[in-house]
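Participant: Provided below are the primary sequence and the corresponding predicted coordinates.
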Amino acid sequence: MRKRAGTGFCSGLFSLAALLAGGCASTTATDFGADPAAVELTSTPFFPQERYQCGPAALMTVLSYSGATVTLDELVANVYLPAREGSLQTEIIAASRRAERIPYRIDGSLASISAELNAGRPVLVLQNLGVSWFPRWHYAVVYGIDPDRNLVRLRSGTDANRTSKAGTFLRTWRRSDNWAIVVLRPDELPANPDRLEYFSSISALEATGHLTTANQAWRTARARWPNDLLPLFGLANTELSQGNLVRAEQHYLELLVREPTHAMARNNLAYTLAGMGRIPEAIQQLETALKLPDLRPAVANELQASLDEISSMRSFSVD
């Protein structure tokens, strides 16, 4: 089960429990990737935290670096939970989306952090500076690595240039289930994108109503995976949601040429056509969809409900 961020003190001090935790993870240069090299994003801004507020400060660091328009006061209001004296990951994710960015969780390895840094993106990480039974959650930003010296460089708390041995960093990071994200502009991809993880990240952004940003992200995904139908479907849906009916129709038709049995594309195309007053064509699309083989009952029910709704529009249409 993935751990959730709780009430992190976010101070620069280690508790006695942390000192007694024992055992340092050993690392080698190859843990930083197949061809490790030192990288340091020196232009990464620094926002020293106030008491307990490492979450807003760390998030402000990566959002500001990405060019997002946001203020620290806004993030404190949206992310910091006074009753918990900290910030939950869900708030960090939601605030990233409000800033028109795509929060993308990278896999928990130094190699992935190295890849993002080499792509020009600092990485927001969650650490537990205590132990499992006495956690001290802390958000920080990795802005550099030095594989030859086995070092990780962080903007952390009130320290603009905290240097940590890689083994120590890994130990504290591992206690948070290696939680780490990058905040992506809609025109960029993660360094090593997981296709479905990236698609899910865009869908979540779209679901929160950030349609213009999601639309651009689907275009980015389509350029990366031109033969995949999911970005095309997502692109069509965002056009429809924004009222761009002609473009939505074009995308749905392109998808159906490639996959005629895509029932939900026909369903959404029907609503697109109905929106343009082309009720008979819309009904035809739904009737065709209902004749598709092996329809799941839930999909069939949805199609029938759409057909009933659009059919009722006949009396309001002008021949």
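Facilitator: Okay, I see it.
Participant: alpha carbons of the host helix or strand of His138, as PDB, please.
Facilitator: Applying DSSP states H and E as the criterion places His138 in strand 137-146. The C-alpha coordinates for strand 137-146 follow below in PDB (Å, rounded to 0.1, in the frame of the first residue of the first chain):
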ATOM      1  CA  TRP A 137       7.600  13.500   6.300                       C
ATOM      2  CA  HIS A 138       9.500  16.000   4.200                       C
ATOM      3  CA  TYR A 139       9.200  17.300   0.700                       C
ATOM      4  CA  ALA A 140      12.400  18.400  -1.100                       C
ATOM      5  CA  VAL A 141      13.600  19.000  -4.700                       C
ATOM      6  CA  VAL A 142      16.500  17.100  -6.300                       C
ATOM      7  CA  TYR A 143      18.300  19.600  -8.600                       C
ATOM      8  CA  GLY A 144      21.500  17.800  -9.100                       C
ATOM      9  CA  ILE A 145      23.500  14.500  -8.800                       C
ATOM     10  CA  ASP A 146      27.200  13.700  -8.800                       C
END
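Participant: give me the contacts around the helix or strand following that strand.
Facilitator: Downstream of strand 137-146, the next assigned helix or strand under DSSP H and E is strand 151-156. By CB atoms under 8 Å, 6 or more residues apart in numbering, the list of residues contacting strand 151-156 from outside reads 12, 40, 44, 46-47, 54, 58, 61, 110, 113, 122, 125, 138, 140-146, 161-166, 169. To be clear about C-beta, it is placed using only N, CA and C from the backbone, and glycine gets the same treatment.
Participant: what pairs with strand 151-156, parallel or antiparallel?
Facilitator: Strand 151-156 has its sheet partners listed here by DSSP bridges as strand 137-146 (antiparallel), strand 159-165 (antiparallel).
Participant: hey, which of the ones you listed is tucked in deepest?
Facilitator: With neighbours taken as mean count of other CB atoms under 10 Å, these reach their highest mean count in strand 137-146, at a mean of 26.
Participant: now it: average pLDDT?
Facilitator: Strand 137-146 carries an average pLDDT of 94.
Participant: now do Leu307: how many residues are near it, please.
Facilitator: Burial of Leu307 is recorded as 19 neighbouring residues (other CB atoms under 10 Å).
Participant: need the contact list for it.
Facilitator: For Leu307, the contacting residues are Ala270, Ile283, Leu286, Glu287, Leu290, by CB under 8 Å, 6+ apart.
Participant: can you tell me the SS state at it?
Facilitator: Classification of Leu307 by DSSP: H, G, I helix; E, B strand; the rest coil places it in helix.
Participant: how near is it to Ala274?
Facilitator: 11 Å (CB to CB, to the nearest Å).
Participant: now what about stretch 252-272, what contacts it?
Facilitator: 229, 232-233, 236-237, 240, 245, 248-249, 282-283, 285-286, 288-289, 292-293, 295, 299, 302-303, 306-307, 310.
Participant: in it, what's buried?
Facilitator: By neighbour count with 16 or more other CB atoms under 10 Å, stretch 252-272 contains the buried residues 252, 255-256, 262-272.
Participant: likewise for stretch 230-242?
Facilitator: Quick answer for stretch 230-242 (16+ other CB under 10 Å): Leu230, Pro231, Leu232, Phe233, Gly234, Leu235, Ala236, Asn237, Thr238, Glu239, Leu240.
Participant: closest to Asn215 out of those?
Facilitator: Thr238 (4.0 Å; CB to CB).
Participant: quick check, that closest one in a helix?
Facilitator: Yes - counting by three-state DSSP, Thr238 is found in a helix.
Participant: domains of the chain?
Facilitator: Using automatic domain parsing, the domain parsing of the chain gives 16-184, 195-316.
Participant: out of those domains, which is the most enclosed?
Facilitator: Most buried of the domains of the chain, by mean neighbour count (mean count of other CB under 10 Å): domain 16-184, with a mean of 19.
Participant: Asn192 in helix, strand or coil?
Facilitator: With three-state DSSP as the basis, Asn192 sits in coil.
Participant: the one 10 residues further on too?
Facilitator: Using three-state DSSP, the structure places Ile202 in helix.
Participant: end to end on stretch 217-231, go ahead and measure it.
Facilitator: End-to-end distance for stretch 217-231, by CA to CA, to the nearest Å: 9 Å.
Participant: got the contact list for it?
Facilitator: 102, 184, 186-189, 193, 195, 198-199, 202, 205, 232, 234-235, 238, 255, 258-259, 262.
Participant: good, we can wrap up now.
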